[in-house]
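*Asks:* Predicted structure and sequence below. I'll ask about it afterward.
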Amino acid sequence: MSDSKLREQLLQLLNGRNAHMSFDDAVADFPPVLINTRPPNVTYSFWQLVEHLRIAQWDILDFIRNPNYKSLKFPDDYWPAADAETDWNGWQASVAAFRTDQAELEAIVTDTAVDLTADLPHAPGYSILREIHVVADHNAYHIGELAILRQVVGAW
């Protein structure tokens, strides 16, 4: 496979253009009154799920870029506090930050000066290619969850 074809496919994987819904589609026209709602049998709210997506994606981006990366404590640092809530501005900030970090990951993928398969200098055994797959896999899982939970509460 050519380098350009690999990069194109990674972008599609990050954006949900193949086998899963995109983040933008999952949050489109989200009802503001439901951002702090916990769907039935779920211990977190819609905003907490979006914030989890943001935090996890940011963490992987930080891991890729930061030679002084410090691991977050799992699972506590990857989720807002169980009783945390936000307002509409907080929801929009979480969504915007997710999009910004996703765009940074896309910029890394499209930068032909970046060797996607080389070990990260500060993390032997880990490559950008691996990390893009991890973030895309994690995002696809939780974006699908978000879409199903919207359906459960009638929020489409």
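*Replies:* The structure has been received and is ready for your questions. These numbers were taken from a predicted model, which means no experiment stands behind them.

*Asks:* Which secondary structure elements does the longest helix along the chain sit against?
*Replies:* Assignment by DSSP state H gives helix 128-152 as the longest helix of the chain. Contact analysis of helix 128-152 by 3 or more C-beta pairs under 8 Å, 6 or more residues apart in numbering; DSSP states H and E lists helix 3-15, helix 23-27, helix 46-65, helix 88-110 as its packing neighbours. Glycine gets a C-beta too; all of them are placed from N, C-alpha and C.

*Asks:* so the residue nearest to residue 152 when sequence neighbours are not counted, which of the three states?
*Replies:* Spatially, and ignoring its direct neighbours in sequence, residue 152 is nearest to residue 39 (5.2 Å; C-beta to C-beta, 6 or more residues apart in numbering). Here residue 39 takes the coil state, with states given by DSSP: H, G, I helix; E, B strand; the rest coil.

*Asks:* From residue 151, how far off is residue 39?
*Replies:* 10 Å (C-beta to C-beta, to the nearest Å).

*Asks:* now residue 90
*Replies:* From residue 90 to residue 151 the distance is 24 Å (C-beta to C-beta).
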